[in-house]
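Novice: my questions concern the predicted model and sequence given below.
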Amino acid sequence: MTVRIWSNAAALVAVMLATAALAQDKRPELTPAGKAILQDKLAIDGRPLYDRPGPGKPITFPLAMCTFPGGLCGAVRRDGSVAVLPRYDWVGTFSDNRAAVRLNGLYGFVDEDGREVVKPQYRIVDDYHFGFAQVDVGGKSSLIDRDGKMVIEPKYGFIRAIAPDRFAVSERRELGGMAGGEDFSGSRVAFPPGGGVSVSVSGNFLDGNVAYPGNIGNEVIDISGHRIEPSVARWSPPFDKDDPSIRWVQRDKLWGLARADGSWLVEPKFQQIGSLIDGLAQVTLNGKVGFIGRSGNFVIEPAFDKALPFKLGFGRTSAERDGFFGVIDTTGAWIFRTDYQQIQFAANIDRDYKSETVVGWNFKKADRWGLLDLDGRVVLDAGFDQPVGPCPDGRLEAYKNKERFYFKADGSPLQPPGGQLIDAMCRGGVPPYTLKIGDKFGLVDASSNLLTAVQFDAVTWAGPGVKNVKINGKWGRIGADGRWLLEPKFDYLSGVGDVFVASVDGKRGFMRSDGSWLVEPKFDAAARRRIDDTAFVTISGATGVLRLTDQSWVVPPRPGALCDISHALMSEAGGKRAILSRTGETWVDIGAERVGANLEFGLLTFLKDGKWGLVDTAGQVMIEPRFDEPVHFGPGQRGVAWTKRDGQWCAIDRRGSSVPGIACAAANPTGSDLRLQCKVEP
């Protein structure tokens, strides 16, 4: 299919102006939006991730950014000064003092001072590892050094340095990435026409976390191309985690155990292998499963058709032999045997995901699932859509006809007949739980004892152990013991927080958790407190940002609605949208009916008169509206956006030019369009 080329006078003018600026050695700088984004990134640099102890991964500088005037990509240093001039469609992460860049559909490399050490000339490139980078030449992989000199000719499907003098190679070629942004990751991301995201991963792991294509023909070579190590097999588990001197090695598609000196403890003979767990490693020999010990000899002879590995400290596992499923001990003797279709561990994992405890066995009968205790007695008969899930607090969670049901550890139901617990999930559920019977709601404790009558018209979450409830048209708040924290007299109550929105007589204010007013009700609409102790409030059709501590305006009221987007605010009034700084300065206001909300993309899609164009983060229209659908330069696309025009989706670069070598498509290769609703209240 022919790629269509769309001329763009505005983009050409922008490029000419940028070229003139470069000729005069005028260093560009980030737009105000770009500077705000950089400051936000610096503010969280090194902080713990997801409440885990220890610092997060620090930011790598120079940092690639596309928030320059014109929307092209460059890189900045920690102080915001420009290291790589903004003239590329994409800039990668620096590694070995080199970063990949993309221009006109081809890749090259720059150093940390922005010098092009490798001119854009390759269709696909990898990052630098140990001073070498993999590049595509005519559909084959070769290796270049830090100066761009080709040191290994293009004849492999894959090649990557795993040490300064060792290179993993493969004949098989397995590329990854998104449509228009192929890479050597081996992980391909696609968006099927029916919706959702499809991620296909092919890869092994060698020398830490370095991923390699998933075939068993990998080898390790030196710089001259001579093989210096035996074939690198698919990723193999450690045999003994406490003794790395013995390892699994594959030869001619069979696995054996090799000593550190290269001699065999066990000659290769197994089709499948596992790690030692309580002194037993699962293996498959001639299609039968058994378990060997640390010496490599069989402890449990390979007599089973199927078996799961043992779990640490448990001493039992499930197995199948001659059509019968059951549970065996560490000698291979049956503890019990059944005629069920399947048996597998039923274990609860603690709330920190650090340990698990086996509490029984899930079993399958007539394509339905049930639960046995540790000795094989039925706890829940087979009648559920999927295996029963033990909860960390001892409850059991099961699904039937896409509804959740909860039981005590002995299998007795936790909800009355005709009742449904609707927020008692194993993960995240905190009592009191909501019980629904008919069209009314009540609250129960962890054992499903009633804390309140089943009398409420609605129940919403208001924080751990706290619920907002509606009765007789008014909202109140109830605590974990079922007592009223706030009597039901409010028109509206917002959710979690020690300061929340409450409404009386149609006006919103901000209330403390003890029931006293922080800000008396006087607003037509109000959003919950933000992390900087401010909130959106609306008065007479105008919305501003109010500082709750002294009721001063951070952003004075302006017509319409305001809402948070990444690093900024969105304003919507009269069917038009604009982007403001967090303190109300206008960044993008071009009379657009819609405008993209992710400033980090550098170019934002916008809708005007039924067509879509692109505007930079300084508010300069770079591509006039001409496309039939939104245009997004999203992460993973490496400087490519897919646009629809005249019934086809085609790839363009950040100048609006078609990308050579990428054919148009009938459907959007990047998935559905996400639409932001800008509201003060949900």
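Specialist: Perfect, thanks for sending it.
Novice: biggest strand in the chain by residues?
Specialist: Longest strand in the chain, counting residues (DSSP state E): strand 356-365.
Novice: list the buried residues of that one.
Specialist: For strand 356-365, a neighbour-count test (16 or more other C-beta atoms under 10 Å) marks 356, 358-365 as buried. Just so you know, the C-beta spots here come from the backbone N, C-alpha and C atoms, and that holds for glycine as well.
Novice: any idea which helix or strand comes after it?
Specialist: Downstream of strand 356-365, the next assigned helix or strand under DSSP states H and E is strand 368-372.
Novice: who does that next one pair up with?
Specialist: strand 356-365 (antiparallel), strand 378-384 (antiparallel) (DSSP bridges).
Novice: surely Gly613 and Glu624 touch.
Specialist: Yes. Using C-beta atoms under 8 Å, Gly613 is in contact with Glu624, at 5.2 Å.
Novice: for the closest residue to Arg173 other than its chain neighbours, grab the count of nearby residues.
Specialist: Closest residue to Arg173 apart from its sequence neighbours, by C-beta to C-beta, 6 or more residues apart in numbering: Gly157 at 3.5 Å. The number of residues packed near Gly157 is 18, by other C-beta atoms under 10 Å.
Novice: what's the answer for Gln344, then?
Specialist: 15.
Novice: that one contacts Ser318, doesn't it?
Specialist: Yes. Between Gln344 and Ser318 there is a contact at 5.7 Å, judged by C-beta under 8 Å.
Novice: quick check: the farthest pair among the buried residues of strand 356-365?
Specialist: Glu356 and Lys365 (24.6 Å; C-beta to C-beta).
Novice: one step back: neighbour count for Gly613 and Glu624, which is higher?
Specialist: Gly613 (23 against 16).
Novice: now do the contacts for that one.
Specialist: 605-606, 621-627, 631 (C-beta atoms under 8 Å, 6 or more residues apart in numbering).
Novice: what do you get for Glu520?
Specialist: Gly509 are the contacts of Glu520 under C-beta under 8 Å, 6+ apart.
Novice: against Gly509, how distant is it?
Specialist: Distance of Glu520 to Gly509, given as C-beta to C-beta, to the nearest Å: 5 Å.
Novice: for Ala667, same thing?
Specialist: 49 Å.
Novice: neighbour-wise, which of those two wins?
Specialist: Neighbours were counted for Ala667 and for Gly509 using other C-beta under 10 Å; Gly509 has more, 17 against 13.
Novice: what about the more buried one, which helix or strand?
Specialist: For Gly509, the element it lies in under DSSP H and E is strand 507-512.
Novice: tell me which strands that strand pairs with, and in which orientation.
Specialist: By DSSP bridges, strand 507-512 pairs with strand 499-504 (antiparallel), strand 517-523 (antiparallel).
Novice: output stretch 359-370 as PDB, restricted to C-alpha atoms.
Specialist: Extracted as PDB, the C-alpha positions of stretch 359-370 are listed here (Å, rounded to 0.1, in the frame of the first residue of the first chain):
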ATOM      1  CA  VAL A 359      -4.800 -23.900  52.900                       C
ATOM      2  CA  GLY A 360      -6.200 -26.600  50.600                       C
ATOM      3  CA  TRP A 361      -6.700 -27.800  47.100                       C
ATOM      4  CA  ASN A 362      -8.800 -26.400  44.200                       C
ATOM      5  CA  PHE A 363     -10.400 -29.200  42.300                       C
ATOM      6  CA  LYS A 364     -12.200 -29.300  39.000                       C
ATOM      7  CA  LYS A 365     -15.200 -31.500  38.300                       C
ATOM      8  CA  ALA A 366     -17.600 -31.300  35.300                       C
ATOM      9  CA  ASP A 367     -15.700 -28.200  34.300                       C
ATOM     10  CA  ARG A 368     -16.600 -26.400  37.600                       C
ATOM     11  CA  TRP A 369     -14.300 -25.600  40.500                       C
ATOM     12  CA  GLY A 370     -14.500 -26.400  44.200                       C
END
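Novice: show me the shaky parts of this structure.
Specialist: Scanning the chain with the threshold set as pLDDT under 70 gives 1-25, 48-56, 194-195, 201-218, 229-235, 351-353, 672-673.
Novice: where do the helices of it begin and end?
Specialist: Assignment of helices within the chain using DSSP state H yields the ranges 9-23, 32-44.
Novice: and the shortest one, what's buried?
Specialist: Read that as helix 32-44. By neighbour count on 16+ other C-beta under 10 Å, the buried set for helix 32-44 is 32-34, 36-38.
Novice: ok so, going back, okay, the strands paired with strand 507-512, which one's buried deepest?
Specialist: With neighbours taken as mean count of other C-beta atoms under 10 Å, the strands paired with strand 507-512 reach their highest mean count in strand 499-504, at a mean of 21.
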